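A.B. asks: what follows is a predicted protein model with its sequence.
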Amino acid sequence: MLTVRKSEDRGHFNHGWLDTYHTFSFADYYDPREMGFGALRVINDDKVEPGQGFGMHGHRDMEIITYVLEGAIEHKDSMGNGSIIRPGNVQRMSAGTGVRHSEFNPSHEERVHLLQIWIEPNVKGVPPGYEEKKFGTRVKKGQLRLIASPDGREGSVTIHQDACVYAALLDGREQAAHRLAPGRRAYVHVARGTVEVNGTPLKAGDGARITGENELRFSGAKQAELLLFDLS
């Protein structure tokens, strides 16, 4: 079964410096029907104006993944890490026992568009950690590329949860497929473009909860960039 979460039904706030959409309940957006899906707790679709960003703030016991679509975001944290994350780079921060960080748009001209994803860990109280890897256009074009997993296989970043995250760039006749093991479920988020999932059309900002399916088939894409979450 595939249940669509339409882009326009998400929580939306425009703070001037930040234009943000929340797939699930977050901050001032609360919907008891949208509290996450399995371990997937947050998908925030953020556009941050030049020279603006999120000041230093703290987290605990959460796996946080940053996926940049356009522009760049500058990361600093209490572990001593500092980096500028650009499209193709995937950042993973395990908050564990506690970490503080800031995320700012370093450009004076260009807005940054990013997805911030929170996945609840299956173990609490671990030491905080940081990881960043690059997954360029070539490795995502026409296929689902593993970008996060519990064991770091295939060069993915490592998260403390039985969840796998894939990214894909699909266009025209390009197709992709993913097998779901018995008892597992999935969530698809379309970051941009359009694509059909098992024949159901999705547009930019749309998501889909998927249960009781053995295989996901992606087709009919038009300049689509998507994320697939394979969840226990």
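C.D. replies: Great, that's in hand.
A.B. asks: contacts and neighbour counts: CA atoms only from here.
C.D. replies: Noted.
A.B. asks: can you pull out the low-pLDDT segments for this structure?
C.D. replies: By pLDDT under 70, the chain has no low-scoring segment.
A.B. asks: longest strand anywhere in it?
C.D. replies: Longest strand of the chain, by residue count under DSSP state E: strand 215-231.
A.B. asks: partner strands of that one, parallel or antiparallel?
C.D. replies: Next to strand 215-231 in the sheet, as set by DSSP bridges, lie strand 163-172 (antiparallel), strand 176-179 (antiparallel), strand 185-197 (antiparallel).
A.B. asks: give the pairing partners of the host helix or strand of residue 116; include direction for each.
C.D. replies: Residue 116 belongs to strand 112-119 when assigned by DSSP states H and E. Taking DSSP bridges as the criterion, strand 112-119 pairs within the sheet with strand 40-48 (antiparallel), strand 63-70 (antiparallel).
A.B. asks: dump those strands to a markdown table, plus mean neighbour count and distance to residue 144.
C.D. replies: A markdown table is the format used below for those (neighbours: other C-alpha atoms under 10 Å; distance: least, C-alpha to C-alpha, whole Å):
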| stretch | mean neighbour count | distance to residue 144 |
| --- | --- | --- |
| strand 40-48 | 22 | 19 |
| strand 63-70 | 21 | 15 |
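A.B. asks: nearest to residue 228, out of those strands?
C.D. replies: Of all the strands paired with strand 112-119, it is strand 40-48 that lies closest to residue 228, at 11.2 Å by C-alpha to C-alpha.
A.B. asks: which outside residues touch that closest one?
C.D. replies: Residues from elsewhere that reach strand 40-48 (C-alpha atoms under 8 Å, 6 or more residues apart in numbering): 17-26, 35-36, 105, 111-120, 205.
A.B. asks: what subset of these is buried?
C.D. replies: 18, 20-26, 36, 105, 111-120, 205 (16 or more other C-alpha atoms under 10 Å).
A.B. asks: that older thread, what's the first helix or strand after the strand holding residue 116?
C.D. replies: Later in the chain than strand 112-119, the nearest helix or strand by DSSP H and E is strand 129-134.
A.B. asks: buried residues, that following strand. List them.
C.D. replies: 129, 130, 132, 133, 134.
A.B. asks: can you put the strands paired with strand 112-119 in JSON lines and add distance to residue 8?
C.D. replies: Output for the strands paired with strand 112-119, formatted as JSON lines (distance: least, C-alpha to C-alpha, whole Å):
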{"stretch": "strand 40-48", "distance to residue 8": "12"}
{"stretch": "strand 63-70", "distance to residue 8": "19"}
